[in-house]
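S.K.: Need coordinates for the below:
(one chain, ligands or ions: 1)
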Amino acid sequence: MSVIEAPGSVLILTVLLLLVLYFLSSRQGFHEHKKEPPGPRGLPLLGNLLQLDLHRPHNTLCELSKKYGSVFTVYFGPSKVLVLAGYKTVKQALVNHADEFGGRYISPASVDLSQQHGILFSNGENWKEMRRFALSNLRDFGMGKKTAEEKILEECHYLIEVFEKHKGQPFDTTRPMNHAASNIISSIVYGSRFEYSDPQFKAMVARANENIRIFGTAPIQLYNIFPWLGKWMKTVKLLRKNVLLQVNVVRDLIHQLKTTLNPQMCRCLIDSFLIRKQNDEDSCVTDSLYHEKNLIQVVGNLFAAGTDTTATTLRWALLFMAKYPQIQAQVQEELSRELGGRQVRVEDRKKLPYTDAIIHETQRLASIVPVSLPHITTQDVILQGFFIRKGTTVYPLLTSVLHDESEWETPNTFNPAHFIDMHGKFVKRDAFMPFSAGMYGTFISSTFQMNWINTNINGLHFKIVQGRRACLGESLARMELFLFFTSLLQRFRFTPPPGVTEEELDLTPAVGFTLNPSPHQLCAISHV
Ligand code: HEM
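M.R.: Numbering: from 1, shown residues only. Here you go, the predicted structure:
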């Protein structure tokens, strides 16, 4: 058959040729005057896909960093991704070059999740305004304050009640822990907590967790690379179905608050948004960002980001306690020596250095957000002599920071001594970055002044600079981790189920965007 008789084949060949040329042109050889980061050679169209474990890309990326260094590129299909590995490099990029590395990469799956509204997956003025609004409301409604402490301590009672009901028999901690963590952010966002038995609440939490899990699976990674595959993919359909159901429930809950809204008495973040929206409408602001789509996504972002992360960290902490009973006994000894059975308070943290070290070590070793959320460069930038073009997707490999061999004495073992000095005092470590470049980074002033925040930790005032995209809920999360963990350990001893030894408790994380412990059960033996 002649070429003229087969115009379809010619078209396909031309497209392939153009793609190969495009792929080659984006590689080093075409920009000889500018040094681009190294990386493994990839195949046309597929890039390095065949080398990557798409279920656990962070593992492959950590391996590749051993060969290519701390700044390197990999190709997810035809898309180039810049990987930042190790403490010094991640800090240098996210803190010293906060503005250049401060954009959010918007993948096809994240468009399905939030259509570039809200905070997590938005950029520019929309992101700036929604982040500022959320931060100031989180503070007004409790973050870092007594009100949040009261809410968390009240929730501890409900959580303990659920644990008590199992009477020392093995159970899965996932649901109660998710419900408890979710109620903290819910009471800030909606103005009240939900009953654990409320079917709508249960479904909301389950859907948010399911979406976070599938966000990190291989089918979604493939969809992000080849979006046209989406219409045939079950996982993508499930993601979209969950989003739709979630949006409908949030819309209903907002509607209920609207019917009882009193501008003189602002009850929660949603009230505050609605009042601002009304003010903008009354003042005929035509380009207001305070519209329903942003409200739904801000609420959805905070609910999802504030639930899964905190609950997952607490579940790791309990699993570590069951696996290392001597360490658990030391925590309990410190708690009973310092508190003598009374209710724990936030200001007790400084009296409990060992307990504090355990929480930090849990976050370090579990490293639950291994590649952070992908960033994008907002302008051309030079990092460690490498030229990085504006619009490059960036993976800050947080797990490589939390397991950096040059920063941690025993990076891959649970070792509370990472956070305790020879006098038994708690020590901060610069490479502790589970929230991305946040409070614990070494802060170098950025021109981006909204990074300056005042905060109150254990009654002390700090003025700090955050990496531009650092976790917005860090101080709330830290308070939750401390109060939930200590309250549970004051009340219970955690053990493996009968017939399972401590050695048999598996520490391999399950697949997902955040790293959860693999399915397991624990016994909570009441010792009060
Ligand atoms: C142990 C608990 C938590 C961990 C480990 C964690 C970790 C993270 C990480 C790694 C990021 C990505 C930062 C980046 O892009 O570089 C992030 C972003 C974010 N987190 Fe958290 N987080 C936690 C709890 C929370 C809580 C309780 C909330 C809600 C109050 C929250 C709200 C957010 C939001 C809204 C963002 C997006 C920030 C932006 O794009 O500007 N997080 N978090």
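S.K.: Pull out the buried positions in stretch 403-421.
M.R.: For stretch 403-421, burial by neighbour count (16 or more other Cβ atoms under 10 Å) applies to 403, 404, 407, 408, 411, 414, 415, 416, 418, 419, 420. In this view, the C-beta of every residue, glycine as well, is placed from N, C-alpha and C.
S.K.: Same question for stretch 56-70.
M.R.: Quick answer for stretch 56-70 (16+ other Cβ under 10 Å): 56, 57, 58, 60, 61, 62, 64, 65, 68, 69, 70.
S.K.: could you say which helix or strand contains the nearest residue to residue 379 once chain neighbours are set aside?
M.R.: Excluding the flanking residues, the one nearest residue 379 by Cβ to Cβ, 6 or more residues apart in numbering is residue 390, at 4.9 Å. Assigned by DSSP states H and E, residue 390 belongs to neither a helix nor a strand.
S.K.: want to throw the buried residues of stretch 403-421 into a markdown table with secondary structure?
M.R.: Putting the buried residues of stretch 403-421 into a markdown table (DSSP: H, G, I helix; E, B strand; the rest coil) gives the following:
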| residue | secondary structure |
| --- | --- |
| 403 | coil |
| 404 | coil |
| 407 | coil |
| 408 | coil |
| 411 | coil |
| 414 | coil |
| 415 | coil |
| 416 | helix |
| 418 | helix |
| 419 | helix |
| 420 | strand |
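S.K.: I'd like the distance between residue 392 and residue 385.
M.R.: Taking Cβ to Cβ, to the nearest Å as the measure, residue 392 falls 16 Å from residue 385.
S.K.: quick one on the thing from earlier: which one of the buried residues of stretch 56-70 is nearest the ligand?
M.R.: Relative to the ligand, the closest of the buried residues of stretch 56-70 is residue 58; by Cβ to the nearest ligand atom it sits at 12.4 Å.
S.K.: where are the low-confidence patches of the protein?
M.R.: For the chain, the stretches with pLDDT under 70 are 1-33, 143-146, 438-467, 528.
S.K.: quick one, longest helix in it?
M.R.: helix 292-323 (DSSP state H).
S.K.: Would you mark the buried spots in that helix?
M.R.: Residues of helix 292-323 classed as buried by neighbour count (16+ other Cβ under 10 Å): 294-323.
S.K.: do the same with stretch 257-265
M.R.: residue 257.
S.K.: tell me the strands in the stretch 201-350 of the chain, going along the chain?
M.R.: Remark: no strands are assigned in the stretch 201-350 of the chain by DSSP state E, counting those that start in this stretch.
S.K.: Quick one: name the residues of it near the ligand.
M.R.: By Cβ under 6 Å from any ligand atom, the residues of the stretch 201-350 of the chain that approach the ligand are 301, 302, 305, 306, 309, 310, 313.
S.K.: so how far is residue 311 from the third one?
M.R.: According to Cβ to Cβ, residue 305 stands 12 Å off from residue 311.
S.K.: Kindly report the same for the first one.
M.R.: Counting by Cβ to Cβ, the gap between residue 301 and residue 311 amounts to 16 Å.
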